[in-house]
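J.: need the 3D shape of this:
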Amino acid sequence: MNVEALKKDAAAAVDSMRAELLKLSHAIHQEPELALEEFKSAARLADAVAAHDLPVQREAFGLKTAYVADFGRDSGPVIAVLSEYDALPGVGHACGHNIIATAGLGAAMALAKLGANLPGRVRYLGTPAEERFGGKEILARAGAFEGVDAAMMIHPANVDLVTMPCIAISEVEVTYFGRAAHASAMPYRGLNALDAVVTAYQSIAQLRQHIRQTERIHGIITDGGLAANIVPERAACRFYVRAADVHELAALKKRVQACFEAAALATGCTVRTSWGAVDYLDLKTNWPMAEAIAKNIESLGRELVPVGSIPPGFAGSTDMGNISHRVPSIHPMLAVAPANVIIHNAEFARWAASEKGDAAVIDGAKSLAWTALDLMGDPALLERTRADFAATAEISRSALACLDEKVADIHPVVHAQPGCGCA
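T.: Alright, predicted model coming up:
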């Protein structure tokens, strides 16, 4: 059976699962779960795999909310199809991971229904904790992508894009420890931890004037004290630091670290900085794969916005970047909302359960399944994919090595508080 005939069968399979996929997308949307807490979502998705008579391993690769299903022939390319399903605090599925989850599921199950005619092998992975903690990096370190020839997923957006610029990111949790005192009667006895947080915040605001256009620093205060008449003895903040690649990120992290340390010195407080265990790498799009999925997306009637028209500095981050430096990968974007509605806000969350969101589930499933078949059935495409990946192999080796480097200046550190500490 030729590839075009297989694509027709895969599309028919997706259409036959339409009601199931959309019901599942809405169920995940209605009960959003944070990173590493996606127990209901993971169970629903794994149950759906099992319902299609496929063996599924739950709690896969050491993560309780990960799962994996492998199927297909032992020979031929191995294509990884990925689902994400974690949500954001406060705004739920404002990144539309319910769509990512069910589009990936639909693609995988459609490919499974080809049975012996499937010209390769599929590894369908449920990948938790994209919004925080770097679930895909954790899975990769546990061997989830060993033997994989290519990896793919789709992501909802406000426009159709064959890829999205994604830069490197690191997270840091910072806690200051001062000394409590009555804020009116004896303020001189206190050391104000909130002042330290505010000083650090202002220092970072000043640093922002002198960083590259591709760099970003942004954060929130997570603890500001207990009462207005008590000098805060503890205060905390969380920041994200982003740069074009992991090497520039490492340099920027040092500058940010200096802001935290300076605030401790200025206020006499103790500071504890804890940088995240996983940095997210920039996304390395595999262009032969991207060209293949672009044709498939356009055949569904969607019009892709040229990547060159994306404004400078318009970028996010994803742990799919870490996978893209290990195996050839793509991360296309499908429009589910009007162009003026940006992800990570409550309005986008509403669109993620709309008719446009539903259409992205179906179109995403079809385009992923078709692109997997292109790779399995066209040796020349697979060879171009491998060659494109190999052309920047040294960059990827360097990026992955940097993840494991220990830079002394950005270790979790505690700076001692001066004085006797008496209340």
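
J.: low-confidence ranges in the stretch 1-150 of the chain?
T.: Per-residue confidence for the stretch 1-150 of the chain (pLDDT under 70) gives these ranges: 1.

J.: please, where are all the strands along it?
T.: Under the criterion DSSP state E, counting those that start in this stretch, the stretch 1-150 of the chain contains strands at 57-58, 67-72, 78-83, 121-126, 150-152.

J.: also the stretch 201-350 of the chain?
T.: Using DSSP E, counting those that start in this stretch, strands in the stretch 201-350 of the chain cover 216-223, 234-243, 270-275, 329-330, 333-335.

J.: pick the most deeply packed of those.
T.: Across these, averaging neighbours per residue (mean count of other Cβ atoms under 10 Å) puts strand 329-330 on top, at a mean of 28. Placement of C-beta: from N, CA and C, glycine included.

J.: avg pLDDT for it?
T.: The pLDDT scores in strand 329-330 average 98.

J.: just to revisit the earlier point, out of the strands of the stretch 1-150 of the chain, which comes closest to Lys23?
T.: Lys23 lies closest, by Cβ to Cβ, to one member of the strands of the stretch 1-150 of the chain: strand 78-83, at 15.8 Å.

J.: hang on, the earlier thing: of all the strands of the stretch 201-350 of the chain, which lies closest to Met376?
T.: Once those are compared by Cβ to Cβ, strand 329-330 is nearest, at 15.0 Å.

J.: got the contact list for the closest one?
T.: For strand 329-330, contacts defined as Cβ atoms under 8 Å, 6 or more residues apart in numbering pick out 150-153, 162-163, 283-286, 289-290, 293, 320, 323, 371.

J.: let's see it at 7 Å
T.: Here strand 329-330 makes contact (Cβ atoms under 7 Å, 6 or more residues apart in numbering) with Ala150, Ala151, Met152, Thr163, Thr285, Asn286, Met289, Ala290, Ile293, Met320, Ile323.

J.: what does stretch 216-230 give?
T.: Stretch 216-230 has contacts (Cβ under 7 Å, 6+ apart) with 180, 182-184, 194, 197, 204, 207-208, 232, 234-242, 256.

J.: 6 Å instead?
T.: For stretch 216-230, the external contacting residues (Cβ atoms under 6 Å, 6 or more residues apart in numbering) are 180, 183, 194, 197, 204, 208, 232, 235-242.

J.: endpoint to endpoint, stretch 123-130 covers what distance?
T.: Terminal residues of stretch 123-130 lie 19 Å apart, using Cα to Cα, to the nearest Å.
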